[in-house]
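Asker: have a look at this fold, sequence not included:
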Ligand SMILES: Cc1cc2nc3c(=O)[nH]c(=O)nc-3n(C[C@H](O)[C@H](O)[C@H](O)COP(=O)(O)OP(=O)(O)OC[C@H]3O[C@@H](n4cnc5c(N)ncnc54)[C@H](O)[C@@H]3O)c2cc1C
Ligand code: FES
């Protein structure tokens with residue numbers, strides 16, 4: 001649905017990343033974990049997609065966290081409290097296919113954002129949050145409030161586990177009991193983590209990222225290849241069963 005939302009707050013999380021709270025009562029009521037908000041940034045024709053990082057139906061707010069990557073996100077980082085932003089949301093299929101109770105959420109970089117809201121709905125959630133280095137770590141305290149356990153990892157070892165997400169997940173799976181693994185982050189991270197999870201016999205869900213145009217399933221800009229044929233990330237996903245994804249395509 002399209003909703004004219006109001007900016008409630010915009011808070012920097014580090015030098016390039018922001019937390020944006022929008023008053024969006026209808027989207028907040030409808031939002032399911034892992035779904036998208038497609039945001040119209042003033043001055044830009046195409047909407048920008050962001051995973052819904054959190055939603056509060058009682059307060060009527062949604063939270064989006066974003067990193068400045070180009071002109072659109074740079075403009076978004078300059079909005080003011082009270083500004084109106086048109087948002088199409090909540091779009092797509094999220095993590096509703098999760099079957100198990102004990103869920104391991106694995107996020108890399110900006111991929112951690114949609115996992116926060118998803119972690120609220122798992123019976124027992126563990127978060128493995130992976131970053132390039134300690135200066136990039138964000139939202140760790142937010143996850144700590146929701147999850148039973150959180151693990152931090154950095155590629156350079158400057159904080160937490162020293163190594164890549166798949167190596168951490170291999171250790172966690174060997175030492176703990178999980179039913180499902182949910183992953184969002186760079187493609188190579190999602191592929192390697194899902195290989196580890198599937199090899200251990202766990203169900204695994206990945207939130208794919210493709211460039212988007214319309215966000216309503218019409219333009220096919222966001223098509224990805226799966227074992228079941230072509231799928232549109234915007235409305236058939238962004239979350240897919242990892243067994244169905246063709247990583248080589
Ligand atoms: C399913 C999904 C969920 C996402 N969730 C988040 C999130 O929670 N937080 C966050 O910081 N970023 C997220 N992104 C990435 C975010 O959409 C892009 O960083 C953003 O659109 C870049 O816009 P720009 O104008 O700054 O960059 P530009 O490069 O100037 O954008 C030019 C065009 O390309 C598109 N584009 C550029 N990079 C991407 C990209 N990586 N993915 C999709 N479209 C892109 C833009 O939307 C725009 O239409 C998500 C992307 C997808 C597909
Ligand atoms: S963005 Fe147009 S079909 Fe997905």
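Answerer: Perfect, I can see it now. A quick note: this is a predicted structure, and the numbers were derived from the prediction, not measured. Ligands and ions are numbered 1, 2, ... in the order given.

Asker: and residue 246, how many neighbours?
Answerer: By other C-beta atoms under 10 Å, 12 other residues sit near residue 246. C-beta coordinates here come from the backbone N, C-alpha and C atoms, glycine included.

Asker: residue 162 too?
Answerer: Applying other C-beta under 10 Å, I find that residue 162 has 13 neighbouring residues.

Asker: the nearest residue to it once chain neighbours are set aside and residue 196, how far apart?
Answerer: Nearest non-adjacent residue to residue 162, counting by C-beta to C-beta, 6 or more residues apart in numbering: residue 154, 6.9 Å away. Going from residue 154 to residue 196 by C-beta to C-beta, to the nearest Å gives 19 Å.

Asker: check residue 177 too.
Answerer: 15 Å.

Asker: give me the more crowded residue out of these two.
Answerer: Using other C-beta under 10 Å, the more surrounded residue of residue 177 and residue 196 is residue 196, with 22 against 10.

Asker: wait, that one sits on residue 169?
Answerer: Yes. Using C-beta atoms under 8 Å, residue 196 is in contact with residue 169, at 5.1 Å.

Asker: per-domain residue ranges of the protein.
Answerer: Domain assignment for the chain by automatic domain parsing gives 2-91, 102-244.

Asker: for ligand 1, find the nearest of the ones you listed.
Answerer: When the domains of the chain are compared by C-beta to the nearest ligand atom, domain 2-91 sits nearest ligand 1, at 2.4 Å.

Asker: quick one: residue 72 is in a strand?
Answerer: No. Residue 72 is assigned helix when assessed by DSSP: H, G, I helix; E, B strand; the rest coil, not a strand.

Asker: report how many residues lie close to it.
Answerer: The burial count for residue 72: 19, using other C-beta under 10 Å.

Asker: and the gap between it and residue 38?
Answerer: 12 Å.

Asker: mutual contacts of these two, please.
Answerer: Listed as contacting both residue 72 and residue 38 by C-beta atoms under 8 Å, 6 or more residues apart in numbering are residue 48.

Asker: can you list the domains of the chain in a markdown table and add distance to ligand 1?
Answerer: Below are the domains of the chain laid out as a markdown table (distance: least, C-beta to the nearest ligand atom, whole Å):
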| stretch | distance to ligand 1 |
| --- | --- |
| domain 2-91 | 2 |
| domain 102-244 | 4 |
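
Asker: in this protein, which helix is the longest?
Answerer: helix 187-199 (DSSP state H).

Asker: quick one: list the elements packing against that helix.
Answerer: On a contact count with 3 or more C-beta pairs under 8 Å, 6 or more residues apart in numbering; DSSP states H and E, helix 187-199 meets strand 102-108, helix 165-175, strand 180-184, strand 203-207.

Asker: how distant is it from the center of its chain?
Answerer: Centre-to-centre, helix 187-199 and its host chain are 16 Å apart (C-alpha atoms, centre = their mean, to the nearest Å).

Asker: helix 165-175 and that one, what's the angle between them?
Answerer: Calculated by axes from the mean of the first three to the mean of the last three C-alpha atoms, to 10 degrees, helix 187-199 forms an angle of 20 degrees with helix 165-175.

Asker: next, the buried residues of helix 187-199.
Answerer: By 16 or more other C-beta atoms under 10 Å, the buried positions in helix 187-199 come out as 189-197.

Asker: how about residue 234, what does it touch?
Answerer: Residue 234 neighbours (C-beta under 8 Å, 6+ apart): 36, 38, 49, 91-92, 212, 214-217, 222.

Asker: near ligand 2, which residues of this structure are found?
Answerer: 212-215, 217-222, 232, 234 (C-beta under 6 Å from any ligand atom).

Asker: same thing but at 5 Å, please
Answerer: When proximity is defined as C-beta under 5 Å from any ligand atom, the chain approaches ligand 2 at 212-215, 217, 219, 221-222, 232, 234.
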